[in-house]
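1. I need the structure of the sequence given here:
(one chain, ligands or ions: 1)
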Amino acid sequence: MEGSVDTEEPPLLPLALSSFHISEEFGFLLPDPLVGVFLFEGSPQLAGQPLHHRGLGIAGSAPCSQGFSWQMPQLSPQQLRGREELHLAHLVLSFITMGYVWQEGEEANPPFLWLQQELLPPSYFVLANWRRKDPNGPLEMENLDPIIALPGGESLRGFILVTLLVEKAAVPGIKLVPVHAAAHDTPCCSYYVDPEVFYSVIRIFLSGWKDNPAMAHGLIYEGVSPEALAFSGGSAAQSTVLHAFDELLGICHRQDSEHAAAFLHRMREYMPPAHRTFVEQIRGAVSPRHLMLSSGNPRLRAAFNRCVSALAELRSYHITIVTKYIAVAAAKAKARRAELSEAGPAVRKAPSALEDKGTGGSHIFSFLKSIRDTTREGMIRA
Ligand code: HEM
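-> Reported below is the predicted structural model:
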């Protein structure tokens, strides 16, 4: 894909992956993310300690408000060298922010946060949050760990790593090589993520402060803006992979009552900028759909339709996962709440503001079904 194509026709997507910070081997994942760096040299309390002692476990153990984040200095990206350090800094600050905001559950509403003066690049929750236990071992579940975690224990680990392995499995697709063999080996959330832990813990920490009734006014970032800012939470809708596949296959999502197309488009703002540019360039390139339509070749059409159908199936499968992890889990949580409230008012209220919404803030099922259906409509009839 990276080499030039010797032909009279305009080449199909002559995009050099490396110029979009995409790896031939790891796709959109950051190959070999940094695990530790002295980000906090300006702070006597934090400097000189391994990174994970400087706040990375904050939300898992003691509330941030009793420790680390109150001592946070203003950090400057000028101290950082290169993309890897910037990604790691962003990862650490994002986790600190999420931990700090949601540590008391969705009823917490902190008035302010200390953050660096500039807004940092988009979330690397998965892309830059992995390391091999054995540096020479394979990129497999057993040999991987997230660099940073929030509450959720093994389920959070499973959620991050399954998403990571899906990203990795999609690499042949980005290079326009058949993707099936890899996809079959990809682990599934059901084995690694407990629905109750996902629903009542992980989901809350991944939530943002846009379209979230628990923080309807957003968050004031001191030193950045006097106005409250609203950002969506972490969602795989921000993963570049499916956006790239949609553009490759010429799938146009509808601007329906759920504003599905607009929501997905907005999620692109949270991609690393080079990856977002990649998706935009695919859109502007000669698409396989266009080539297929102009060729009129039935075998090409069948191959194209198999790709579209596989993408629609993947989206249907994802809906069944979301049903299990949100709809069914929500019903169970509601029943439990009813039982507990009979036990008395002292019982802590389980999180409920995002019951029918995803962490990205979408109205889940109508949104997911809309994009699954438009994907199906992308099939080309004879
Ligand atoms: C416990 C497992 C999961 C749950 C509960 C879940 C939930 C959701 C929800 C609620 C949305 C709607 C957008 C939002 O508001 O956030 C969404 C979108 C999305 N999710 Fe997941 N998800 C899970 C796992 C995954 C995994 C492993 C992937 C693979 C990388 C993935 C890929 C996507 C994509 C690409 C979208 C955007 C919609 C699309 O293009 O089809 N999800 N997910």
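
2. how many neighbours does residue 187 have?
-> 15 (other CB atoms under 10 Å). Just so you know, the C-beta spots here come from the backbone N, C-alpha and C atoms, and that holds for glycine as well.

3. cool, residue 151 as well?
-> Neighbour count for residue 151, taken as other CB under 10 Å: 17.

4. separation between residue 261 and the ligand?
-> Distance, residue 261 to the ligand, using CB to the nearest ligand atom, to the nearest Å: 11 Å.

5. what's the answer for residue 340, then?
-> 24 Å.

6. Secondary structure element holding that residue?
-> Assigned by DSSP states H and E, residue 340 belongs to helix 329-343.

7. other SSEs contacting the helix or strand following that helix?
-> Counting by DSSP H and E, the element after helix 329-343 in chain order, helix or strand, is helix 364-376. In terms of contacts (3 or more CB pairs under 8 Å, 6 or more residues apart in numbering; DSSP states H and E), helix 364-376 is packed against helix 260-267, helix 298-322.

8. looking at these, which is buried most?
-> Compared across the helices and strands packed on helix 364-376, helix 260-267 shows the largest average neighbour count, a mean of 18 (mean count of other CB atoms under 10 Å).

9. Run through who's touching it.
-> 232, 235, 237-238, 243, 252-255, 360-362, 367, 370-371, 374 (CB atoms under 8 Å, 6 or more residues apart in numbering).

10. redo that, cut-off 6 Å
-> In this structure, residues lying in contact with helix 260-267 by CB atoms under 6 Å, 6 or more residues apart in numbering are 237, 238, 253, 254, 255, 362, 367, 370, 371.

11. residues from the stretch 151-300 of the chain in reach of the ligand?
-> Counting by CB under 6 Å from any ligand atom, the positions of the stretch 151-300 of the chain adjacent to the ligand are 159, 162, 163, 166, 189, 193, 198, 235, 236, 237, 239, 242.

12. Please, which helix or strand holds the first one?
-> In other words, residue 159. Per DSSP H and E: helix 153-169 holds residue 159.

13. quick check, residue 134 in a strand?
-> No - applying DSSP: H, G, I helix; E, B strand; the rest coil, one finds residue 134 to be coil, outside a strand.

14. Give me the pLDDT value at it.
-> At residue 134, the model reports a pLDDT of 96.

15. if I pick it, what's in contact with it?
-> Going by CB under 6 Å, 6+ apart, residue 134 touches residue 143.

16. and it, how far is that from residue 238?
-> Going from residue 134 to residue 238 by CB to CB, to the nearest Å gives 30 Å.

17. Count residues in the vicinity of residue 371, would you?
-> Neighbour count for residue 371, taken as other CB under 10 Å: 25.

18. ok, it touching residue 253?
-> Yes - counting by CB atoms under 6 Å, residue 371 touches residue 253, with 5.3 Å between them.

19. what's the distance between the residue lying closest to residue 282 once chain neighbours are set aside and residue 208?
-> With sequence-adjacent residues excluded and distances taken as CB to CB, 6 or more residues apart in numbering, residue 282 is closest to residue 247, at 4.2 Å. Using CB to CB, residue 247 is found at 25 Å from residue 208.
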